[in-house]
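S.K.: Everything below, folded, please.
(2 chains)
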Amino acid sequence: MADEKKQVEQITSMSEDFAQWYTDIVSKAELMDYSSVKGCMIIKPAGYAIWELIQKQLDAMFKETGVENVYMPMFIPESLLEKEKDHVEGFAPEVAWVTYGGLEPLEERLCVRPTSETLFCDFYKNIIQSYRDLPKVYNQWCSVVRWEKTTRPFLRSREFLWQEGHTAHATAEEAQERTEQMLNLYADFCEQVLAIPVVRGRKTDKEKFAGAEATYTIEALMHDGKALQSGTSHNFGDGFAKAFGIQYTDKENKLQYVHQTSWGMTTRLIGAIIMVHGDDSGLKLPPRVAPVQAVIVPIMQNKEGVLEKAAELKDRLVKAGIRVKVDDTDKRPGFKFSEQEMRGFPVRIECGPKDIEAGTCVVVRRDTHEKLTVAIDAIETEIPRILDDIQKNMLETARAHRDSHTYDATEYGEFCETINNKPGFVRAMWCGDRACEDKIKEDTGATSRCMPFAQEKLSDKCICCGKPAKALVYWGRAY
RNA sequence: CGAGGUGUGGCUCAGUUUGGUAGAGCGCUACGUUCGGGACGUAGAGGCCGCGUGUUCGAAUCACGUCACCUCGACCA
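M.R.: The predicted model follows:
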């Protein structure tokens, strides 16, 4: 009880105020700090290390599918940004402009990239001539700037880190294939690496990317029942190619337009990890993206042999491929336990004189708080096994939460009732009209999250207007 | 951009109503005792009270202006 009180002082309980809980975690787990520019955050070592693990694993998956990395400039001349009409209209309200070079006003102002479609198009126009030059499957890791009005750490900042893939293909079929391939890759990454289950599907026209023919998305459900768009993949068809004049000569010596795609994931994923897995003790990291997978807490560390044993354990775990650290600061053990939980390290290994004598150590799981006694001799095999189990368990727990917060509705009254009172996804049929989406937004505040690939028929009629239904849609409130 | 809130040592805040020259707790530093769920003692360091102008003998406190940040909405990864 006394322990609980101390925790409450430090971190707001999730059920009491989810937004404050989130803010507490990002700062107490030392993931970020606010900077002197509104909406621009300092990503601290604990947060950046997570991003590095995301990058490393996602990048490896990209490369297995033939992706090559490049780097494009961060500035876009205004004339270039304006070439595709829908695109510029979509982004104009939130771009930052550079108007001076040193003391001289620039002849043409430059926008700080909010996304790089136009730069890639301008580049592809020059390097693609023949069908032999296709496909181009390029990606870049960089930051982009969008002058958001409301900002939240990791979820919506004015500058954020991401990867953006941009491809050019000979045929529409090939572009569509790549679009779906990347979306599926994103979904697998979220599930296997981040332990976040997602719904894969297509965005409605209202929600699709500026300039895209079709936008596909993966949607995750946060602990508070709100949805988070966690990755997108767009098929541009030949719209950008026509606006930028990206043409190649095919085998029959005919001039053709290329078909393009783009796809991205961002540091927002760190926000998703926090809001899907975290609890009132703090952050909870899936082992595969935990910068520290095991922290060793020596007990009575000034007793002879304790620190030496901790160092030995560390060496052995490092050799077994575990990311491990020894906490030999002069804090008391209880403090270190709480800190491990706040920072989300998947396991804690306690080792003191009693353990050393018995040839064991105490292993505590972050996901279940379970305490296990493990023989020191078995540490190299046991810790990886436990980490594996934690990774699986976290995915299952998140999936169970998502499934138990997904509802079906077949009548409008029931639909509104559910959206308003039960946080989560509501599945309902839709006629395909923008007007119904707008009305639902108006009535409930919910938006269409996606039309899932796994279509089902809950009824024949649109939930809103009663006209014949065209698709099953996941609805929800979103971040 | 609309609504609300907040600016005082690193952090959380008191002090502002009734102007008199800045406080507490936590954290930090040193030494000692401690160590299996957030330790304690002693001694220290640290603040042009967000910024500007005005009123006044005197401003953290009053007036006017300005800036920044947070939360919730509308828009977005």
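
S.K.: number of nearby residues for the residue in the stretch 1-150 of chain A that RNA strand B sits nearest to?
M.R.: Per CB to the nearest atom of the strand, A:Lys38 is where the stretch 1-150 of chain A lies closest to RNA strand B, at 1.9 Å. For glycine as for every other residue, the C-beta is placed from the backbone atoms N, C-alpha and C. Per other CB atoms under 10 Å, the neighbour tally for A:Lys38 reads 12.

S.K.: Show me where the stretch 1-150 of chain A dips below the pLDDT cut-off.
M.R.: The stretch 1-150 of chain A contains residues with pLDDT under 70 at A:1-10.

S.K.: now do 80
M.R.: A:1-11, A:16, A:35-38, A:103 (pLDDT under 80).

S.K.: which residues of it fall in strands?
M.R.: Listed in chain order, the strands of the stretch 1-150 of chain A (DSSP state E, counting those that start in this stretch) span A:32-34, A:41-43, A:68-69, A:75-77, A:96-101, A:104-112, A:136-145.

S.K.: hey, which helix is longest across chain A?
M.R.: Counting residues, the longest helix in chain A under DSSP state H turns out to be helix A:379-404.

S.K.: State the mean pLDDT of it.
M.R.: In this model, helix A:379-404 has a mean pLDDT of 97.

S.K.: what helices or strands is that helix leaning on?
M.R.: The contact analysis (3 or more CB pairs under 8 Å, 6 or more residues apart in numbering; DSSP states H and E) places helix A:379-404 against strand A:214-221, helix A:268-277, helix A:306-319, strand A:347-351, strand A:360-365, strand A:371-375.

S.K.: if we go to 7 Å?
M.R.: helix A:268-277, helix A:306-319, strand A:347-351, strand A:360-365 (3 or more CB pairs under 7 Å, 6 or more residues apart in numbering; DSSP states H and E).

S.K.: Same list (these) but as JSON lines, adding distance to A:Leu185.
M.R.: What follows is the helices and strands packed on helix A:379-404, written out as JSON lines (distance: least, CB to CB, whole Å):
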{"stretch": "helix A:268-277", "distance to A:Leu185": "14"}
{"stretch": "helix A:306-319", "distance to A:Leu185": "30"}
{"stretch": "strand A:347-351", "distance to A:Leu185": "29"}
{"stretch": "strand A:360-365", "distance to A:Leu185": "30"}
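
S.K.: Is it possible to get CSV of those that adds mean pLDDT?
M.R.: Shown next, in CSV, are the helices and strands packed on helix A:379-404 (pLDDT from 0 to 100):
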stretch, mean pLDDT
helix A:268-277, 95
helix A:306-319, 96
strand A:347-351, 97
strand A:360-365, 97
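
S.K.: will you turn the ones you listed into TSV that also has distance to RNA strand B?
M.R.: What follows is the helices and strands packed on helix A:379-404, written out as TSV (distance: least, CB to the nearest atom of the strand, whole Å):
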stretch	distance to RNA strand B
helix A:268-277	4
helix A:306-319	9
strand A:347-351	3
strand A:360-365	4
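
S.K.: and the strands of the stretch 1-150 of chain A as a markdown table, adding distance to RNA strand B and mean neighbour count?
M.R.: Output for the strands of the stretch 1-150 of chain A, formatted as a markdown table (distance: least, CB to the nearest atom of the strand, whole Å; neighbours: other CB atoms under 10 Å):
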| stretch | distance to RNA strand B | mean neighbour count |
| --- | --- | --- |
| strand A:32-34 | 5 | 16 |
| strand A:41-43 | 8 | 19 |
| strand A:68-69 | 20 | 12 |
| strand A:75-77 | 16 | 19 |
| strand A:96-101 | 12 | 12 |
| strand A:104-112 | 13 | 13 |
| strand A:136-145 | 8 | 18 |
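
S.K.: Pick out the residue of the stretch 301-450 of chain A closest to RNA strand B.
M.R.: Nearest to RNA strand B in the stretch 301-450 of chain A, going by CB to the nearest atom of the strand, is A:Gly334, at a distance of 2.4 Å.

S.K.: Need the per-residue pLDDT for that residue.
M.R.: Note for A:Gly334: predicted pLDDT of 93.
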